[in-house]
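*Asks:* Compute the structure for the input listed below.
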Amino acid sequence: MSEAPGQKTVLVVDDERALLSLLPRILRDYRVLTAGSYDEAVGVLQANRGAIDAVFTDTDLGDGHNGLEVREAAIE
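*Replies:* This is a model prediction of the structure:
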């Protein structure tokens, strides 16, 4: 997906697949990337280094990780 001028990119991280499919429709004015786990989020962050403007994450990802760990990975 190409990014329109001025369009912001948001990463949504949640282990609930229903939310991962719903939130891109709600955030339709943004380029939305999704991840269903901490490991997937880290991969998306690394692949899009410098291109993600905001991260929305669940507090408990259900895989032993949490939103604060995703935050730490995002600012590294």
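
*Asks:* how about the helices in this protein?
*Replies:* Per DSSP state H, the chain carries helices over the ranges 17-26, 38-47, 67-75.

*Asks:* Quick check: beta-bridge partners of the residue nearest to Leu20 when sequence neighbours are not counted?
*Replies:* Nearest residue to Leu20 in three dimensions, chain neighbours excluded: Thr34, at 4.6 Å (C-beta to C-beta, 6 or more residues apart in numbering). Just so you know, the C-beta spots here come from the backbone N, C-alpha and C atoms, and that holds for glycine as well. Thr34 has these beta-bridge partners by DSSP bridges: Val12.

*Asks:* quick one: contacts for Thr34?
*Replies:* 11-14, 20, 23-24, 44 (C-beta atoms under 8 Å, 6 or more residues apart in numbering).

*Asks:* any idea which of these is the one closest to Glu69?
*Replies:* Val13 (10.1 Å; C-beta to C-beta).

*Asks:* Pick out the residue nearest the middle of the protein.
*Replies:* Nearest to the mean C-alpha position of the chain, by C-alpha atoms, centre = their mean, lies Leu11 at 2.2 Å.

*Asks:* surely it meets Ala47?
*Replies:* No. Counting by C-beta atoms under 8 Å, Leu11 sits too far from Ala47 to count as a contact (10.6 Å).

*Asks:* thinking again about what came up before, would you turn the helices of the chain into a markdown table with distance to Asp53?
*Replies:* As requested, the helices of the chain are exported to a markdown table (distance: least, C-beta to C-beta, whole Å):
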| stretch | distance to Asp53 |
| --- | --- |
| helix 17-26 | 15 |
| helix 38-47 | 12 |
| helix 67-75 | 11 |
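
*Asks:* Between the ones you listed, which one is closest to Val55.
*Replies:* Of all the helices of the chain, helix 67-75 comes closest under C-beta to C-beta, at 5.2 Å.

*Asks:* Show me what that closest one is packed against.
*Replies:* Identification of packing neighbours for helix 67-75 by 3 or more C-beta pairs under 8 Å, 6 or more residues apart in numbering; DSSP states H and E yields strand 9-13, helix 38-47, strand 54-57.

*Asks:* which residues are in contact with that helix?
*Replies:* Contacts for helix 67-75 (C-beta under 8 Å, 6+ apart): 11, 13, 38, 41-42, 45, 52, 55, 57-61.

*Asks:* Many thanks, have a good one.
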